[in-house]
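Engineer: need coordinates for the below:
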Amino acid sequence: MSDPASRVAALRSRKAARRKIVMVTAYDFVSARVVARAGADVVLVGDSAANTVLGYSSTRDVSLDEMTMLAAAVKRGLAAGAAAESAGGAQPLLVGDMPYGTYERDDVTAVETARRFRAVGCDAVKLEGAGPSASRVRAIVAAGIPVMGHVGLLPQQASGALRARARTAREALGLARDARELEAAGCFAIVFEAIPAAVSALVVPTLGVPVIGIGAGGATDGQVLVFHDIVGLTDGRTPRFVKRYATLLSEMVTAVAAFASDVRAGTYPEEAHQYGMEDGELERLREALGE
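Structural biologist: Numbers count the residues shown, from 1 in each chain. The predicted structure is shown next:
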């Protein structure tokens, strides 16, 4: 399955068969290669790259140029990861996260942004919210580009602390309406972020498209986490829904500190780490240098 349509259809089939969908947010060649080899179904180049790899304070700060540059690197990593598998495994569906300010203004702008992501190899794009965003979804889908929706906590629109959503009946009903609106507009899948598990359990069965959860409980059709959170590359406090499966940050610090210690002690490089030269060539060099 090499084309976007067949990959999207595969996700629908997984939902119908009640087979969980694995989505990972990745931002570069190395992480994408790992994720592809691990067998993920979907890879999202998330605008959280703003915080995680670019050092911005808000997801609103990342630009379209930066996002498409990262998406192109991820595409190359997915190809390399799939090729590394003995069976030549299929590449995951690649979704580009449309950054803040690149789709809200009008449908034309939204389609132009989506085409930028398609040009660097993304199979689909993701955008936040319903309401006006539903119109953007219809326009992008009409242009032949699959769209993933996003409801619940919307980081691009949040001000202040990021908190869970749909914790009242009224908010939960609004989320359900938004999700149905996005499905009707043509979204092939929807992300539910930071909502009570009980709400997901009630709403997910009412939708015909796959729902990918992040902090939304186990009733969703799949789950997504950020690569850096999964392998323990992030520092400090993490959201409640994050589960770390490794602690690579501390191991990396230890490794670099050991390198620094060897350099300062003069124990690196050892002979095994150096290149040699034939004796005759070395002697000619010495003569030429006047030694």
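Engineer: just for the chain, where's the confidence low?
Structural biologist: Applying pLDDT under 70 to the chain flags the ranges 1-2, 85-89, 160.
Engineer: what segments of it are helices?
Structural biologist: When secondary structure is read from DSSP state H, the chain shows helices at 4-16, 29-38, 49-52, 64-84, 107-119, 132-142, 169-185, 197-203, 227-230, 248-265, 279-288.
Engineer: contacts for the longest one next, please.
Structural biologist: Translated: helix 64-84. In this structure, residues lying in contact with helix 64-84 by Cβ atoms under 8 Å, 6 or more residues apart in numbering are 26-37, 43, 45, 47, 49, 53-54, 88-92, 94, 96-99, 102, 113, 116-117, 119-122. Any C-beta I mention is one placed from the backbone N, CA and C, and that applies to glycine too.
Engineer: residue 253: how many residues sit nearby?
Structural biologist: Counted by other Cβ atoms under 10 Å, the residues lying close to residue 253 total 11.
Engineer: ok, residue 238 next?
Structural biologist: 14.
Engineer: surely it touches residue 228?
Structural biologist: No - because the distance of 9.8 Å does not satisfy Cβ atoms under 8 Å, residue 238 is recorded as not touching residue 228.
Engineer: my read: residue 211 touches residue 190, true?
Structural biologist: Yes - with contact defined as Cβ under 8 Å, residue 211 counts as touching residue 190 (5.4 Å).
Engineer: what's the overlap in contacts for these two?
Structural biologist: Shared contacts of residue 211 and residue 190, defined by Cβ under 8 Å, 6+ apart, are found at residue 179.
Engineer: between these two, which one's more packed in?
Structural biologist: Counted by other Cβ under 10 Å, residue 211 and residue 190 do not tie: residue 190 has more neighbours, with 28 against 24.
Engineer: show me the protein divided up by domain.
Structural biologist: Structural domains assigned to the chain are 4-246, 251-288, following automatic domain parsing.
Engineer: picking that back up, of all the helices of the chain, which lies closest to residue 216?
Structural biologist: Evaluated with Cβ to Cβ, those place helix 197-203 nearest to residue 216, the distance being 4.7 Å.
Engineer: what residues does that closest one touch?
Structural biologist: Outside helix 197-203, the residues touching it (Cβ under 8 Å, 6+ apart) are 166, 172, 175-176, 179, 192, 211, 213, 216-220.
Engineer: what number of residues lie near the nearest residue to residue 116 once chain neighbours are set aside?
Structural biologist: Spatially, and ignoring its direct neighbours in sequence, residue 116 is nearest to residue 68 (5.4 Å; Cβ to Cβ, 6 or more residues apart in numbering). As a burial measure, the neighbour count of residue 68 was computed by other Cβ under 10 Å and equals 21.
Engineer: check residue 84 too.
Structural biologist: Using other Cβ under 10 Å, residue 84 is surrounded by 12 other residues.
Engineer: and residue 20, by the same measure?
Structural biologist: Other residues within reach of residue 20 by the criterion other Cβ under 10 Å amount to 14.
Engineer: who's in contact with the nearest residue to residue 107 once chain neighbours are set aside?
Structural biologist: Counting by Cβ to Cβ, 6+ apart, residue 139 is the residue found nearest to residue 107 once chain neighbours are left out, at 3.7 Å. Shown in contact with residue 139 (Cβ under 8 Å, 6+ apart): 107, 108, 110, 111.
Engineer: among those, which pair sits farthest apart?
Structural biologist: Longest span within these, Cβ to Cβ: 108 and 110, 7.2 Å.
Engineer: more neighbours: the two, which one.
Structural biologist: The residue with more neighbours, out of residue 108 and residue 110 and counting by other Cβ under 10 Å, is residue 110; that gives 27 against 10.
Engineer: on that earlier part again, how much space separates the residue nearest to residue 107 from residue 55?
Structural biologist: Distance, residue 139 to residue 55, using Cβ to Cβ, to the nearest Å: 33 Å.
Engineer: how close does residue 81 get to residue 43?
Structural biologist: Between residue 81 and residue 43 the computed distance is 10 Å (Cβ to Cβ).
Engineer: ok, residue 260 next?
Structural biologist: Counting by Cβ to Cβ, the gap from residue 260 to residue 43 is 34 Å.
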